[in-house]
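[1] need a 3D model of the sequence below.
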Amino acid sequence: MKKVIKIKESKVLEIIDNIINEQASQSISVSASNQLGTYPNFDGLKTLAKDLRTNVETALRGSTPYRIKTDNPNGVAIARIQGSALKLIITLVPCKEEDRDWYFDLSLAIYSEINTPDGFKVLSAKVMEKAAQRGQAFVGSQGKIESLGRNHIQLDQLPNLDPKKPNNVFNLYVIYIAGARPKGYQRAELETGGGEQSKQASNTQNAVSSSDLKNVSSIKEGDFLYGIRSVDNQKYKLTFAPFKEGYDGFGVYITGPGTYEGKKLDGTVAYDLKVYSNKPGELQGNNEMGSFKLIASGEVTSTSTVTKPEETKTTSEEEVIKKVSGKFTTNVADTAHNFKNLEDKLGPILKEMYDMGINPKITDLSATISKNGEQYTTIYRATVSKSDDGKAWMGFTSRGSIGPGLIRGKTYEQRADGQIDGTENSDSKSLEEKLKGIGAGEIDIIKVYHEPTVFVKQYFVQFTKPKEFPPHK
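    Numbers count the residues shown, from 1 in each chain. This is a model prediction of the structure:
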């Protein structure tokens with residue numbers, strides 16, 4: 001006898017819908033590959049990380065909801081060697097809309113036992129700390145910011161990572177993080193009813209004034225205002241994300257010409273901004289983000305004005321000024337005087353100004369390194385303006401030394417000086433010779449920072465790249 005099971009019509013439709021969704025939404029692979037470069041800089045590593053982050057986030061933000069698969073046997077990503085390049089593959093699996101990942105990032109470090117005297121334990125702690133810092137950009141993720149896991153990849157099949165020590169084996173350590181889709185962020189649906197619907201929808205977004213910030217309850221998701229950003233004097237649109245109960249600030253989608261932590265401020269990510277009683281007309285972020293002085297929507301400022309005539313690419317007489325700053329703490333002396341983060345921030349700004357038809361130059365730079373107990377605190381600021389000598393200063397680097405006592409019979413001052421004149425470099429080449437080898441033209445020492453109480457001396461250098469970036473006339 002056959003047994004007949006009765007199913008409600010609504011349940012049948014649900015089952016059919018699930019089958020259709022399963023057929024339409026299969027797991028996909030997203031990857032990035034790049035050559036890593038060579039010790040000690042491994043210049044290609046940053047590009048690999050950036051490309052993977054961009055490719056994964058692009059896939060996550062499509063019409064089909066996905067989450068990142070984390071139960072692969074050897075780690076979050078599948079690692080493959082392609083000739084002299086490393087390829088990382090991330091698998092995305094379909095999921096419910098409320099479970100989808102929206103943000104993705106990674107923190108990584110490459111090391112060998114020979115070149116890592118502090119040991120892997122210290123290095124892995126630094127990578128974890130950096131991953132946590134990156135997760136702070138996942139604003140609006142409803143508390144769902146998670147560490148996905150790691151990869152620990154042996155790179156013995158990649159040749160010549162250390163040309164001077166071909167047998168030196170390197171390893172890559174990676175930690176991945178993800179964040180949920182911001183609460184209230186909905187995918188736009190196609191309209192079928194024409195202009196009246198569009199008109200009604202536009203009325204749900206209202207321009208607010210600085211006085212509205214005093215009354216949080218009056219601000220709704222989608223309300224917006226305009227502000228001038230302190231770090232670059234540029235105008236930005238600030239659109240409010242859903243208000244977070246118990247939080248004394250705002251989640252704000254920021255749209256404008258600048259960047260934050262190397263990412264374009266294109267209105268797709270909400271950042272934390274606050275209002276302080278001593279500056280009621282400003283929304284304030286951290287040192288790198290700066291503050292936003294609120295203006296009326298139609299107000300135009302005279303700063304940073306760029307004109308683009310049809311025949312020539314020039315700027316107006318108004319001065320364009322861009323600023324970067326940063327602060328970090330560490331218990332490792334060598335990390336305290338590592339200014340790679342400053343270099344990474346300056347690079348995109350120099351390129352942005354050059355693309356505007358302006359010859360850029362770092363016109364002001366300050367740095368301080370202090371120590372309290374075992375902890376170092378490093379603070380830096382730099383200002384980029386229109387070059388006063390007609391040259392395009394497109395490169396920046398820093399060299400120095402830290403720590404008391406003699407190493408190879410030399411003090412920290414002598415070790416720092418030796419990195420400039422070449423006596424402390426393994427190839428005996430001066431910094432000028434090294435920079436000339438990568439296309440540098442003129443070289444300018446912007447600042448020499450010397451702090452005897454911390455036993456540190458640091459050189460900050462900018463240089464032109466006349467072949468790659470000829471000066472604008």
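
[2] make it CA atoms for all contacts and neighbour counts henceforth
    Will do.

[3] contact partners for the nearest residue in space to residue 329 that is not next to it in sequence?
    Using CA to CA, 6 or more residues apart in numbering and skipping the chain neighbours, the partner closest in space to residue 329 is residue 377 (4.5 Å). Residues in contact with residue 377 (CA atoms under 8 Å, 6 or more residues apart in numbering) are 327, 328, 329, 330, 336, 369, 370, 371.

[4] if we go to 10 Å?
    327, 328, 329, 330, 331, 336, 337, 368, 369, 370, 371 (CA atoms under 10 Å, 6 or more residues apart in numbering).

[5] okay, now the first one: neighbour count?
    Read it as residue 327. Per other CA atoms under 10 Å, the neighbour tally for residue 327 reads 16.

[6] isn't it up against residue 370?
    No - using CA atoms under 10 Å, residue 327 makes no contact with residue 370, being 11.4 Å away.

[7] please enumerate the shared neighbours of those two.
    377, 378, 379.

[8] reformat those as JSON lines; add secondary structure and distance to residue 289.
    Formatted as JSON lines, the shared contacts of residue 327 and residue 370 follow (DSSP: H, G, I helix; E, B strand; the rest coil; distance: CA to CA, whole Å):
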{"residue": "377", "secondary structure": "strand", "distance to residue 289": "19"}
{"residue": "378", "secondary structure": "strand", "distance to residue 289": "18"}
{"residue": "379", "secondary structure": "strand", "distance to residue 289": "15"}
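
[9] and the residues you listed, which is closest to residue 295?
    residue 379 (30.1 Å; CA to CA).

[10] separation between the residue nearest to the closest one when sequence neighbours are not counted and residue 110?
    Closest residue in space to residue 379, ignoring its immediate chain neighbours: residue 327 at 4.4 Å, by CA to CA, 6+ apart. Residue 327 sits 24 Å away from residue 110, going by CA to CA, to the nearest Å.

[11] where in the stretch 201-350 of the chain is pLDDT low?
    Scanning the stretch 201-350 of the chain for pLDDT under 70 picks out 201-220, 242-249, 276-278, 280, 296-319.

[12] do the same with the stretch 51-200 of the chain
    Residues of the stretch 51-200 of the chain that meet the cut-off, pLDDT under 70, sit at 113-121, 136-137, 139-144, 183-200.

[13] number of nearby residues for the residue nearest to residue 160 when sequence neighbours are not counted?
    Nearest residue to residue 160 in three dimensions, chain neighbours excluded: residue 166, at 5.4 Å (CA to CA, 6+ apart). Using other CA under 10 Å, residue 166 has 10 other residues around it.

[14] find the helix or strand that residue 166 is a member of.
    Under the assignment given by DSSP states H and E, residue 166 is not contained in any helix or strand.

[15] residue 56 too?
    Assigned by DSSP H and E, residue 56 falls in helix 44-60.

[16] cool, residue 416 as well?
    helix 412-421.

[17] and that helix, what does it pack against?
    On a contact count with 3 or more CA pairs under 10 Å, 6 or more residues apart in numbering; DSSP states H and E, helix 412-421 meets strand 395-402, helix 431-437, strand 456-463.
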